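Peer 1: Any chance you can model this:
(chains A and B)
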Amino acid sequence: MNGLQLAATAAVDYPPSQAFGDLSQIAPIATLAVAMIVAILADAVLPFPRRGPVVMAISAAGLVVAFAFAFGSWLQGGGHSAYFGFVTGDNFALYFEMLFSVLGLMTLVVSHAYVRRRGLYEAELHILTLAALVGMMALAAATSLVTVFVALETLSLALYVATGYSRRDTTSQEAAAKYLLIGGFASAFVLYGMALVYGASGSTLLPEINKAITANQASNPILILGVVMLAVGFSFKISGAPFHQWTPDVYQGAPLPVTAFMSVGTKAAAFAMIIRVFGSGLANVSTEWQVLLAFVAVLSMVVGNLAAIVQSSVKRLLAYSGIAQGGYMLVGVIAGGRDGVAAVLFYLAAYVFMNFGAFAVLTVLVDRRGEHDQLDDLTGLGYRNQPLGILMTVFMLSLAGFPPLVGFIGKFFLFRAAVAGGWTWLVVIAVLASVISVAYYLRVVYHVWTPSAEQAHLRRMPGPLVAVLASGILALILGVFPTLILVAGLTGAAPVLVAAGH
Amino acid sequence: MGNLQAVTLAVLLLPAAGATVLGTGSFRLPRRAVQLIGPGVVWLAFLCVLVLLADSLSQAKAHDFTYWTWVQSGSFQVPANLYVDRLTVFMGLVITGVGGLIVTYAVGYMEHETGASYARFFCYMDLFILSMLLLVLAGNLVFLIIGWAAVGLSSYLLIGFYYWRYSAVVAARKAFVMNVIGDIGLILAAFAIFASFRQVTYPGVFASVPHSDGFTLELIGFLLLVGGIAKSAQVPLHTWLPDAMEGPTPVSALIHAATMVTAGVYLIARMHPIYDVAVFSHYTAAAIGAVSALLAGFIAIVQTDIKRVLAYSTMSQIGYMFLAVGIGAYGAGLFHLLAHAFFKALLFMSAGSVIHAMHDEQDMRKFGGLWRDMRVTSVCFLIGSLSLVGVFPFVGFFSKELVLGDAFSDPNGGGFPQVLWVIGFVTALLTGFYTGRMWWIAFWRPASPERPVEHPHEAPRVMMVPVVILTVLTCVGGFLQINAGFHPGWKLVEEFLAPAVGPLGWEARGIEYLVTAATFLLGLFTFWLAYYFYIQPRFSIWSARVPRLQRLLEHKFYFDELYDALFVRPLDRAALAGDRLLEQPVLEGTPEEVGVVATSSAAALSLTENGYFRAYMLVFLGGALAGAALLLAYRVFT
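Peer 2: Numbers count the residues shown, from 1 in each chain, chains lettered A, B, ... in the order given. Okay, the predicted model is just below:
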């Protein structure tokens, strides 16, 4: 009996106690969904000037409560499968739910300051962020191909709209259109892949798929084709080369807070999906997806790092850097095992802080005329606002992997796991690629500390400053005390491995 | 966390806090605060080290404080641990004690710097102290490497402090590159240690040494030595040290005399369990030390810049320390390190007072007449000079004689230590000569007509007090360790250090004392002889007779020219070629040029990012097909 039938028949006999138990497993997601609905209602009934602040307050409250739920469940050792195996509240999901809650809070403060400067509406942006967060969390919690797809689309649709949020800005519109079209194309790949996997295994539930696909099933062409299509669609979501081309255009066109949010959020959610689906559902055809992901990883690291060198816009530069960083993380996914998955989880947390921080620095440069994201706009930043300059330097050095910053430790964990897993050649490429990356990261630093004619001090923006400062401090602390998050990463990695039968 | 553990951490945190505050607040802090914070944190750290000293005097055991696990990945584990034994405490005392005096002195010496630059200087100084303390407190190889590299970095920052002077920037760069060569040696050594022992902490490494084979240990020993000689400016990686005199004089005193350049000596003493077994690399260290001592002594004879004379004498004296630790006389080497910290810091700082009074003139031929005009500084400088020469009762006498005596009496090595002793003996005579030359020309001779200042005045009190304190230490420091036959059993330094580095393996020979007396008297004689060469020329100038030798020395044995021809110029050419062929056309082009390149030549590149949706789709599909094809190929071929 497959999962869908199971769900349909069981609905007849569904006692309230079980309903409550299931709901408690997805409490963080449900909280955010409720907060989003309340926010929409508030936006509809309140007088215009008060909509923004109230929606922001509701969103923040929702995020804090969601974090509290996830953290509480984490402290109790994690939850279990719910809704007939369609979602789960295990430690893996909780890890991401906490990460996304923090990311959401940082996004809120940055968006708040940004819309004020640009003169945009505030409330809708927060609502879209919440919708995307619901999708991201659901993606991390999904244990069935059906829920994976629904969550993926929830997050994607919200982001398509958010990308075009700056309505009078044609580049924003263009970016949204491109993202939607290519995103739809990639979703088709994912959906076809899922259909083929379902056809080969007879189930949409990941544990069932894992059981159904035995070693002799591994050469089934339908299954392999499904894996290829899934790998392509997933690679699109983490902007892995050669499915990366939307990334620079979309990152550049989208409003800064949206870029900051999706550059880290989408990537984290997509990696959660890849680890969950490939690592626990398709563990028995791991050779196949490892080859495909290695192909994507190598191309991403090479193309991303080389293309980033010639960029003149920091947003585009960070887009290409994100492509390369995705490649590094794929190395950890390919390595797999407890250390590999934990390393990816650690690096994702690190990446959230480093990359979001770097984008948040750009937010401070925004004024009514628009964004200033050219490298030349950063010239002399270190003299116009010293703390900001120092923090931008920290983010760039951390992304480049300088010790003792978190980026170094993260890369170390990733590469070590890969070497231990026998992927030394991949690590060699990754290390060489990350040497190239120093060139463009340091170029940003160079601009920040080059004196410029512009001596005016920047207007203070408390929101982004808080986000930047928090990110910077975390980037430093996690570099010196990496075990704080690594232990969490190891705990979070455990359920996936159990599900894969390791 | 125990009390002692917290104190140890405070030793590092204090200068770290000082550097952070000075670095971030450089534009806003009032001058007074900078003057207080800069030296203040070093003195507080000194107090903390005194607490550690009290503990290590009461018991000889080493502490291994683990604060947290820094990196934990599979079987590889790096704890964040600090290792405190008597060697650490000894080095800590030198760094914070002498360092504190020097940073205090700098308050006066740097007074002409304007606001932000003033704070920047003390920020770098505190950063240096922090790095140096981390280097000696490190309990594992990773921390050691971090401290080692950070010392090189802060030295770079301080040498290039006057960054508007081209020569300073070039000197800083040279020092950095030379130091990085050493860093690579140290890092490779750490790799070798980890690869063969699977350990990164000192206790773990030393416990594994007896189970290792000779070749591995020799390899590790040589690699460590590469690190040591680069940092300690020994042949052949010494060329950066004289150029490093471009930095402000307190920097020269702190980094290039008292602390940083002795890191190599510390490293060998710290790794003594390895060197005690790895005989070849151990004796190589001694031989390098002896050769460096001799070469530097020769070069110092022809230098005219007072700081460069001192720089070469530093190199020479560190050569003595290498000689001592290289034959296993760790107590002697470290005692000479302490003595050298006293008298060389004293020499640099009194030379700094002179340079300060002479409006930054450093050519000593343009000084003269200072005995009359700057009496206190002159007396201090004379005491430092005599100590350098090794004259009783100054500290240099006791330490140098201990080094030479231990080499003379060493029964091991089949006469090799005695060869080293001969070199050391000749160097001692040279030391007397070049020190005498410096003293007579710069201080004693009547004022030079080219002297930039008519009536120089003495240094302000904040500079004078540290100089006087160091003078006193130079006068009495020798009585910590009396080696001479007339007072047996008064060997405080050796006894203090013995639990950490092991006791000396042999007894002094009776005849050693005769040799000691000869060295002392002949050194004094050459000091006096210099007077008749340079002030009242009874002898014709030697350089006129042997111009070739003069030229050889003036070119410092052509080391710089050799490195230029072998490394610098080929690398320059390669870099220029790379610039012409790769950087300018490909990387450095403005975005428009990139666009031109992309559309005209690279068809693939123009396809990839042209903004057209249809092109993106094509690449997407192509990528999917390529991936599928790759997988197919993989399945077919495996």
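Peer 1: Could you list which residues are in contact with B:Ile274?
Peer 2: Shown in contact with B:Ile274 (Cβ atoms under 8 Å, 6 or more residues apart in numbering or on different chains): B:209, B:217, B:220-221, B:224. The C-beta positions use only the backbone N, C-alpha and C, and glycine is treated the same way.
Peer 1: pLDDT score for it?
Peer 2: Here the pLDDT value assigned to B:Ile274 is 89.
Peer 1: where's the closest residue to B:Tyr162 other than its chain neighbours, which helix or strand?
Peer 2: Excluding its sequence neighbours, the residue lying closest to B:Tyr162 (Cβ to Cβ, 6 or more residues apart in numbering or on different chains) is B:Ala168, at 4.7 Å. Secondary structure assigned from DSSP states H and E places B:Ala168 in helix B:166-197.
Peer 1: How about B:Thr66?
Peer 2: Counting by DSSP H and E, B:Thr66 is part of strand B:63-73.
Peer 1: for the record, mean pLDDT for that strand?
Peer 2: For strand B:63-73, the per-residue pLDDT averages 81.
Peer 1: before we move on, back to that, residues in contact with the helix or strand just after the helix holding B:Ala168: which ones?
Peer 2: Beyond helix B:166-197 in the direction of the C-terminus, DSSP H and E gives the next helix or strand as helix B:202-208. Counting by Cβ under 8 Å, 6+ apart, helix B:202-208 makes contact with B:64, B:83, B:139-141, B:193, B:196-199, B:270, B:273, all of which sit outside it.
Peer 1: in the chain, what secondary structure element scores lowest on mean pLDDT?
Peer 2: Answering for chain A, as no chain was given. Lowest on mean pLDDT, DSSP states H and E among the helices and strands of chain A sits helix A:3-10, with a mean of 57.
Peer 1: sorry, should have said chain B
Peer 2: In chain B, no helix or strand scores lower on mean pLDDT, DSSP H and E than helix B:603-608, which sits at a mean of 44.
Peer 1: quick check, nearest of the contacts of B:Ile274 to B:Asn3?
Peer 2: Using Cβ to Cβ, B:Val209 comes nearest to B:Asn3 of these, at 32.0 Å.
Peer 1: which residues sit in contact with the closest one?
Peer 2: B:197, B:217, B:273-274, B:277.
Peer 1: ok, of those residues, which one's closest to chain A?
Peer 2: When these are compared for distance to chain A (Cβ to the nearest Cβ), B:Phe197 wins out at 18.3 Å.
Peer 1: follow-up on the earlier one: ok, then the element right after the least confident helix or strand of chain A?
Peer 2: Using DSSP H and E, the next helix or strand after helix A:3-10 towards the C-terminus is helix A:16-25.
Peer 1: what's that following helix packed up against?
Peer 2: The helices and strands touching helix A:16-25, judged by 3 or more Cβ pairs under 8 Å, 6 or more residues apart in numbering or on different chains; DSSP states H and E, are strand A:81-82.
Peer 1: List the strands paired with the strand it packs on, with their directions.
Peer 2: Taking DSSP bridges as the criterion, strand A:81-82 forms sheet pairs with strand A:87-88 (antiparallel).
Peer 1: Any buried residues in the strand holding B:Thr66, and which?
Peer 2: Of the residues in strand B:63-73, B:63-65, B:70-73 count as buried by neighbour count, 16 or more other Cβ atoms under 10 Å in any protein chain shown.
Peer 1: Which other helices and strands does it contact?
Peer 2: Short answer (3+ Cβ pairs under 8 Å, 6+ apart): strand B:63-73 packs on helix A:406-420, helix A:483-500, helix B:3-24, strand B:76-84.
Peer 1: One more pass at 6 Å, please.
Peer 2: On a contact count with 3 or more Cβ pairs under 6 Å, 6 or more residues apart in numbering or on different chains; DSSP states H and E, strand B:63-73 meets strand B:76-84.
Peer 1: What's the mean pLDDT across whichever helix or strand comes after the strand it packs on?
Peer 2: Moving toward the C-terminus from strand B:76-84, the first helix or strand encountered (DSSP H and E) is helix B:86-93. Confidence over helix B:86-93, taken as the mean pLDDT, stands at 91.
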